[in-house]
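Colleague: give me coordinates for this.
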Amino acid sequence: MERDFLTCPDDENGDVLWRMLEDGDDLAQAREIDFSVVFPDEGAAMAFATQLLREGQKVSFSAYDKAGFPWQVQAHPVLLPTHENISGYENLLAENAAPFGGKNDGWGCFEM
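Modeller: Numbers count the residues shown, from 1 in each chain. Reported below is the predicted structural model:
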């Protein structure tokens with residue numbers, strides 16, 4: 001199979017989507033995608049998680065073992081795994097997490 005750079009651009013998200021396709025994943029199937037955002041303190045993470053909950057998002061909150069960012073919030077939207085959807089949601093999270101000192105820390109999902 002040859003990589004379609006319109007579907008899987010030459011960037012980190014495009015590389016992940018390309019690996020998913022190579023592994024036989026059906027990217028035409030919407031699924032829950034886990035987006036991680038890390039924070040420097042518990043209060044900031046909790047405030048961000050609360051904001052997402054108020055917006056109707058499914059979230060999880062936990063301690064996290066990463067230097068300088070010991071707290072993690074995961075958002076779990078159901079999306080079609082396209083480059084546009086994933087990058088757009090990451091950008092939205094980054095914009096909303098920045099006032100709390102948060103930063104994106106990747107995403108993942110189960111194969112369909």
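Colleague: biggest helix in this protein by residues?
Modeller: helix 83-97 (DSSP state H).
Colleague: and for the helix or strand following it, what's in contact with it?
Modeller: On the C-terminal side of helix 83-97, the nearest following helix or strand under DSSP states H and E is strand 103-109. For strand 103-109, contacts defined as Cβ atoms under 8 Å, 6 or more residues apart in numbering pick out 16, 31-38, 66, 69, 72, 81, 86, 90, 93-94, 97. The way it works is simple: take the backbone N, C-alpha and C, and place the C-beta from them, glycine included.
Colleague: ok, 10 Å please
Modeller: Contact with strand 103-109 is made by 12-13, 16, 20, 25, 31-40, 64, 66, 68-69, 72-76, 78-79, 81, 86-87, 89-91, 93-94, 97, as judged by Cβ atoms under 10 Å, 6 or more residues apart in numbering.
Colleague: can you list the buried residues in that strand?
Modeller: Going by neighbour count (16 or more other Cβ atoms under 10 Å), the buried part of strand 103-109 is Lys103, Asp105, Trp107, Cys109.
Colleague: go on, stretch 72-92?
Modeller: For stretch 72-92, by 16+ other Cβ under 10 Å, it's 72-75, 77, 79, 81-83, 86-87, 89-90.
Colleague: quick check: mean pLDDT across that stretch?
Modeller: With pLDDT averaged residue by residue, stretch 72-92 scores 98.
Colleague: sorry, back to before: can you state the direction angle for the longest helix of the chain and strand 103-109?
Modeller: Our comparison of helix 83-97 with strand 103-109, counting by axes from the mean of the first three to the mean of the last three Cα atoms, to 10 degrees, yields an angle of 140 degrees.
Colleague: how distant is helix 83-97 from the center of its chain?
Modeller: 7 Å (Cα atoms, centre = their mean, to the nearest Å).
Colleague: and after the longest strand belonging to the chain, which helix or strand comes next?
Modeller: Using DSSP state E, we find that the single longest strand of the chain is strand 31-39. Once strand 31-39 ends, the next helix or strand along the chain (criterion: DSSP H and E) is helix 42-54.
Colleague: tell me the buried residues in that next one?
Modeller: For helix 42-54, a neighbour-count test (16+ other Cβ under 10 Å) marks Ala44, Ala45, Phe48, Ala49, Gln51, Leu52 as buried.
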